[in-house]
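Asks: Pasting a predicted model and its sequence here:
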Amino acid sequence: MSDRRLKFEQLVLPHLDAAYNLARWLTRNDHDAHDVVQEAALRAFRFLDGLRGEAKPWLLTLVRNSCMTWLKANRPAELQAIDSHAAELVLVDEDTPETISLREVDRRMLNEALAALPAYFREALVLRELDEMSYKDIARITGVPAGTVMSRLARARRLLATSLRAIRKASTQRVHG
Amino acid sequence: MTHDEAALLMHAYVDGELDPAKCLELEAHLAEDPAARAACERLRELSGAIRNRADYHSAPHALAAQLRESLPVLPEAARSRLRWRAWLGQAAALAAVALVTWVAAIAYLRPGDGERIAQEVIASHVRATLANHTWDVASSDQHTVKPWLSARLSFSPPVADFSAHGYELRGARLDYLSGQPVAVLVYQRRLHSIEVYVRPARDAIAERALTRDGFNLLSFARGDMDIWLISDLNRNELNDFARLLAQSP
């Protein structure tokens, strides 16, 4: 096995799950997630010499860039929607109550609410909660300052709570209606 | 801390990403505000719910195998880059050796503490002489000089009068050596001035005699004080003076 293949095997492949998880949450379907990860992994193989520091955030940066390219080509509307949401965080009191009872929220509701988040907020939350990346790594992967990571996470969680509340209300109405 | 600020920082707090200073600030805010405390708790729950209940999409088993198969064969350019990298390794090794040598040489050639302070004493002495400002308090009376110094320093330097032995107290000034205030006593022997630098002992200084730039220097510890003498007086008389100083009460 060549040096490069060995390095790929040791540095890139162990993070394939994280890569796929991010791509799957951003493309929201298995087929495209598969293609995006494959493309990113091949680029990782080609640019393995450029790897400095930890492999995981480096690989996720490549995956994230592939996802953005894919979104631009296939879901441009989603990226436009992102821009309007990316406006500076404004805190409104009505916006803050994560007062939903989480005990009544099941897996389906959570997945639905997370998938409904605008992409920039979705990626921040997925990287943070599902892959447990640090703010520093998320900043590097998504190409924004760490302060923006914090405000995006804050906004993402509020949007998610609001969305969960709406989903729960709808499902209760279906049950009782 | 405002309500809005706390509501934002709370996220970094729950994520364990808040710096210690802000952390304390926020905790103080939370201690006073039950509503903020409850919001923080809900945030923790939400974060936990996402972690535990949202789907984690692991890569399909076939993906790794497909990737291995689709990896391109190393192009020639990559091999020449490997050669270049090997050369780089040797260069790095050489550079490392050079660096170690350089650091060792610097450590070896660097003036020791004694030498450094001697240079500072000379500089201070020359500066005072050139500026014609050798003392802040002019007095031959030890009972004037000592309280004047004690009032301005965090220690009380020994001040004695040796006029009976031909060393006359002329005055004193404050100066600064190695980042520490020092007392400088000025004595006179015929036309020669002798400066006595005194500061509380930091680490045991070596007793040593030096000649630099035409000045004779002596350093020694006296009780809990470190003392440097500098003068253009001859070495023998300076030694006599040092003995007097060491024996003075």
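Replies: Good, I have the coordinates.
Asks: center of chain A, which residue is that?
Replies: residue A:123 (2.0 Å; CA atoms, centre = their mean).
Asks: which ones are touching it?
Replies: A:22, A:25-26, A:64, A:67, A:142 (CB atoms under 8 Å, 6 or more residues apart in numbering or on different chains). Placement of C-beta: from N, CA and C, glycine included.
Asks: Now it: which helix or strand?
Replies: Using DSSP states H and E, residue A:123 maps to helix A:119-125.
Asks: Check the offset of that helix from the chain's centre.
Replies: In this view, helix A:119-125 has its centroid 4 Å away from the chain centroid, taken as CA atoms, centre = their mean, to the nearest Å.
Asks: ok so, going back, and which of the contacts of residue A:123 is nearest to chain B?
Replies: residue A:25 (7.0 Å; CB to the nearest CB).
Asks: which stretches of chain B form strands?
Replies: B:137-138, B:168-177, B:180-189, B:192-200, B:208-212, B:215-222, B:225-231 (DSSP state E).
Asks: Strand partners (parallel or antiparallel) of the shortest one?
Replies: Take DSSP bridges as the rule and strand B:137-138 pairs in its sheet with strand B:168-177 (antiparallel).
Asks: between the partner strand and strand B:180-189, how big is the angle?
Replies: Computed by axes from the mean of the first three to the mean of the last three CA atoms, to 10 degrees, the angle separating strand B:168-177 from strand B:180-189 equals 160 degrees.
Asks: Spell out which residues make up each domain of chain B.
Replies: B:3-53, B:73-109, B:113-247 (automatic domain parsing).
Asks: Of the strands of chain B, flag the one that's most buried.
Replies: Scoring the strands of chain B by mean neighbour count under mean count of other CB atoms under 10 Å in any protein chain shown gives strand B:225-231 as the most buried, with a mean of 23.
Asks: so how far is residue A:133 from the residue nearest the centre of chain B?
Replies: Relative to the mean C-alpha position of chain B, the nearest C-alpha, by CA atoms, centre = their mean, is the one of residue B:179, at 9.0 Å. Using CB to CB, to the nearest Å, residue B:179 is found at 44 Å from residue A:133.
Asks: same deal with residue A:174?
Replies: 36 Å.
Asks: who has more neighbours, these two?
Replies: More neighbours surround residue A:133 than the other of residue A:174 and residue A:133, with 23 against 8 (other CB atoms under 10 Å in any protein chain shown).
Asks: State the pLDDT value of the residue nearest to the centre of chain B.
Replies: At residue B:179, the model reports a pLDDT of 84.
Asks: What of residue A:44?
Replies: For residue A:44, pLDDT reads 94.
Asks: State the distance from it to chain B.
Replies: 10 Å (CB to the nearest CB, to the nearest Å).
Asks: same deal with residue A:117?
Replies: 11 Å.
Asks: Check the burial of that residue by counting its neighbours.
Replies: Neighbours of residue A:117 using other CB under 10 Å come to 22.
Asks: Could you verify my assumption that it touches residue A:125?
Replies: Yes: with contact defined as CB atoms under 8 Å, residue A:117 and residue A:125 form a contacting pair (6.8 Å).
Asks: okay, and the common contacts of the two?
Replies: With CB under 8 Å, 6+ apart as the test, residue A:117 and residue A:125 both reach A:156, A:160.
Asks: residues from chain B in reach of chain A?
Replies: Applying CB under 8 Å from any CB of the partner chain, we find that chain B lies next to chain A at B:4, B:7-12, B:15, B:17, B:39, B:42-43, B:45-47, B:49-51, B:53-60, B:63-64, B:66-68, B:70-72, B:74, B:78, B:81-82.
Asks: Of those residues, which belong to helices?
Replies: Using DSSP state H, the subset of the residues of chain B next to chain A located in helices is B:4, B:7-12, B:39, B:42-43, B:45-47, B:49-51, B:53, B:63-64, B:66-68, B:70, B:78, B:81-82.
Asks: Going by neighbour count, which of these are buried?
Replies: B:7-12, B:39, B:42-43, B:45-47, B:49-50, B:53, B:63-64, B:67, B:78 (16 or more other CB atoms under 10 Å in any protein chain shown).
Asks: Next, the angle from the longest helix seen in chain A to helix B:3-14.
Replies: For chain A, the helix that runs over the most residues, judged by DSSP H, is helix A:146-176. Angle, helix A:146-176 to helix B:3-14, by the same axes, to 10 degrees: 90 degrees.
Asks: now the helices for chain A?
Replies: Using DSSP H, helices in chain A cover A:3-7, A:16-27, A:30-46, A:55-74, A:76-85, A:107-116, A:119-125, A:135-142, A:146-176.
Asks: Quick one: residues contacting residue 142.
Replies: All of this is about chain A. With CB under 8 Å, 6+ apart, residue A:142 has these contacts: A:64, A:120, A:123-124, A:127, A:149.
Asks: not what I meant, chain B
Replies: Counting by CB under 8 Å, 6+ apart, residue B:142 has contacts B:159-161, B:169.
Asks: Same check on residue B:148?
Replies: B:136-137, B:139, B:172.
Asks: now do 6 Å
Replies: residue B:137 (CB atoms under 6 Å, 6 or more residues apart in numbering or on different chains).
Asks: With residue B:198 instead?
Replies: Applying CB under 6 Å, 6+ apart, the residues near residue B:198 are B:157, B:183, B:225, B:227.
Asks: separation between it and chain A?
Replies: Residue B:198 is 52 Å from chain A, by CB to the nearest CB.
Asks: Let me see the confidence value for that residue.
Replies: 94.
Asks: Just send the contacts of residue B:198 back as TSV, with distance to residue B:31 and pLDDT too.
Replies: Shown next, in TSV, are the contacts of residue B:198 (distance: CB to CB, whole Å; pLDDT from 0 to 100):
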residue	distance to residue B:31	pLDDT
B:157	50	91
B:183	50	95
B:225	50	89
B:227	55	92
